[in-house]
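Enquirer: Pasted the sequence and its predicted model underneath.
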Amino acid sequence: ANINVRIAPFNTVDQVVNHIKKVIKNDNIKIEVSDVNKMYKECDYDLEGYKVINDIVYKTYDNVVAAPFIMLGGTDARHYNEISDCVIRFSPVVVTSAERKGVHGLDEKIGVQSLKKGLEFYENLLEVL
């Protein structure tokens with residue numbers, strides 16, 4: 001069996017392997033770690049880039065404040081970690097539970113109003129840059 005695991009910043013590969021062994025409850029199972037992508041540093045909230053995104057979220061979404069969250073997607077952002085002090089993994093669209101379940105699946109979609117707000121976010125960002 002192949003198990004694809006996204007490891008949160010507060011866990012290690014060994015902790016996850018030990019948890020899997022505990023759940024399986026079978027000492028005859030061999031676990032082999034085949035591919036590990038390193039976790040990347042968090043963006044410092046005091047950096048200008050984070051403040052810009054927070055300000056634009058506040059403007060676009062009528063006084064909503066951006067809050068840190070672990071983005072589970074394997075995004076292209078990983079390619080920029082070597083050249084930037086602050087890589088923000090962020091999507092400026094609001095999705096429902098049903099839409100979130102359909103990500104990368106059949107009939108993947110978001111609502112028209114959510115798309116419009118996402119575009120508004122990028123327009124506001126371009127005005128600042």
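Expert: Yep, it's here.

Enquirer: Would you confirm that residue 95 contacts residue 110?
Expert: Yes - contact criterion CB atoms under 8 Å: residue 95 and residue 110 qualify, at 5.5 Å. Where you see a C-beta, it was placed from the backbone N, CA and C, and this is true even at glycine.

Enquirer: These two - which one has more neighbours?
Expert: Neighbours per residue, other CB atoms under 10 Å: of residue 95 and residue 110, the larger number sits with residue 110, 18 against 15.

Enquirer: from memory the more buried one sits against residue 100, does it?
Expert: No - Residue 110 lies out of contact with residue 100 (CB under 8 Å); the separation is 9.6 Å.

Enquirer: Would you map the strands across the chain?
Expert: Under the criterion DSSP state E, the chain contains no strands.

Enquirer: In it, where is pLDDT below threshold?
Expert: 9, 38-39, 70-74 (pLDDT under 70).

Enquirer: For the longest helix seen in it, name the packing helices and strands.
Expert: In terms of residue count, the longest helix belonging to the chain (DSSP state H) is helix 112-128. For helix 112-128, the elements it packs on are helix 48-60, judged by 3 or more CB pairs under 8 Å, 6 or more residues apart in numbering; DSSP states H and E.

Enquirer: now the helix it packs on and helix 112-128, what's the angle there?
Expert: 130 degrees (axes from the mean of the first three to the mean of the last three CA atoms, to 10 degrees).

Enquirer: what does helix 48-60 contact?
Expert: Residues outside helix 48-60 that contact it (CB atoms under 8 Å, 6 or more residues apart in numbering) are 43-44, 64-66, 86, 88, 90, 92, 117, 120-121, 124-125, 128.

Enquirer: Buried subset of those as a ChimeraX selection?
Expert: Command for ChimeraX, covering only those of the contacts of helix 48-60 found buried under the criterion 16 or more other CB atoms under 10 Å:
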select :43,66,86,88,92,117,121,124,125
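
Enquirer: which of the contacts of helix 48-60 lies closest to residue 19?
Expert: Nearest to residue 19 among these is residue 43, at 27.7 Å by CB to CB.
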